[in-house]
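Participant: Show me the folded form of this:
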Amino acid sequence: MENAMKLDEIDLRIMAELEKNGRMTNSFLAERVGLSPSPCLVRVGRLEQAGYITGYRARLNISAIGELVTVFTEITLHDRRMATISRFEQKLKTVEELCECARVSGDCDYILKFVTRSVAHYSETIMKIVDESALVDRYFSYFVVRSFDLGERAYIDHLDRARGG
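Facilitator: Below you'll find the predicted structure:
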């Protein structure tokens, strides 16, 4: 983040509330965090400007769309040189079916989350990554057989409590 600023308890509460419901009005947000609307709007603007809030999205129920396949994939690269990592990550940016990507420590280098139309579609997608890039040593796929909604929660809520807020 370019313009890192010190976050206080109110900033964290603002982010937690917006994480739960990014469509709430500024007046409602201000009420939820104990501010008047004008200072609340200023704080939200500062959080956006500093890069803490990067956008607003709708949470979708993809199972309502149809029979889609969600797959988590562990990827291990042939080597961990910066050039290899950079080329691999550039390749990942071209994969539309890829929803999330994390570079991790441990037995693999990346954990990826895909949503595809079918098992065959996933197979085509992962083969493009493995075959075309020639950077992957091995991969393991975990097909989701059931997922469930944990309800409205803000990931940032527990961070404030952990630091004594």
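Participant: next one: the helix ranked longest in the chain to chain centre, how far?
Facilitator: In the chain, taking DSSP state H as the definition, the longest helix is helix 119-133. Centroid separation between helix 119-133 and its chain, computed with Cα atoms, centre = their mean, to the nearest Å, is 22 Å.
Participant: Can you name the next helix or strand after that helix?
Facilitator: Once the chain leaves helix 119-133, the next helix or strand it forms, by DSSP states H and E, is strand 136-143.
Participant: which secondary structure elements does that next one contact?
Facilitator: strand 69-77, helix 119-133 (3 or more Cβ pairs under 8 Å, 6 or more residues apart in numbering; DSSP states H and E). The way it works is simple: take the backbone N, C-alpha and C, and place the C-beta from them, glycine included.
Participant: how about low-confidence regions in this structure?
Facilitator: Low-confidence segments of the chain (pLDDT under 70): 1-3, 133, 152-155, 157-165.
Participant: mind listing the helices for it?
Facilitator: 9-20, 26-33, 37-49, 82-92, 119-133, 157-162.
Participant: what comes up buried for the longest helix of the chain?
Facilitator: Y122, T125, I126, I129, V130, S133 (16 or more other Cβ atoms under 10 Å).
Participant: No further questions, thank you.
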